[in-house]
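> mind folding the following:
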Amino acid sequence: QVQLVESGGGLVQAGGSLRLSCAASGLTFSNYCMGWFRQAPGKEREFVAAASWSGASTVYADSVKDRFTISRDNAKNTVYLRMNSLKPEDTAVYYCAADRADFGTDSYEYDYWGQGTQVTVSS
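This next block holds a predicted model:
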């Protein structure tokens, strides 16, 4: 079965950096666009970033543009999210997701989801 397993979350001070990883198995990774979403307590899940099948095309939420970078290594079946200049409002559970059709920004477009990794940014 398809599994997406996120790692790399943790506690970091404002201004710091983290790199999240999402390892995929049970699917042909290069056939899927990959996205990152996040959900803060009491809020709806929101789009963060997405990458096309090869990673050549990417899209970001305005709130993270110029601070976060999505990348993928199809040889390792892994997608990454590099997060710089972290802010307390970036605190959330971060999820990776796989979409066969496109690298969209709506969560309903995605076919498979990971369990999430907690990112906490202290002020």
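> now the residue minimising distance to the centre of the chain. Nearest residue, chain neighbours left out?
Residue closest to the average C-alpha location in the chain (C-alpha atoms, centre = their mean): W36, at 2.4 Å. Residue nearest to W36 in three dimensions, not counting chain neighbours: V48, with 4.3 Å by C-beta to C-beta, 6 or more residues apart in numbering. C-beta here means a position set from N, CA and C on the backbone, and glycine is covered the same way.
> ramachandran angles for S30?
phi -70, psi -10 (degrees, to the nearest 10).
> ok, the nearest residue in space to it that is not next to it in sequence - contacts?
Once flanking residues are discounted, S30 sits nearest to N74: 4.5 Å by C-beta to C-beta, 6+ apart. The contact partners of N74, by C-beta atoms under 8 Å, 6 or more residues apart in numbering, come to 29-30, 54-55.
> buried ones among the residues you listed?
Buried members of those, scored by 16 or more other C-beta atoms under 10 Å, are 29, 55.
> dump the contacts of N74 to a markdown table, plus pLDDT, secondary structure and distance to Y110.
Listed next are these as a markdown table, based on pLDDT from 0 to 100; DSSP: H, G, I helix; E, B strand; the rest coil; distance: C-beta to C-beta, whole Å:
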| residue | pLDDT | secondary structure | distance to Y110 |
| --- | --- | --- | --- |
| F29 | 97 | helix | 14 |
| S30 | 96 | helix | 16 |
| S54 | 94 | coil | 18 |
| G55 | 94 | coil | 17 |
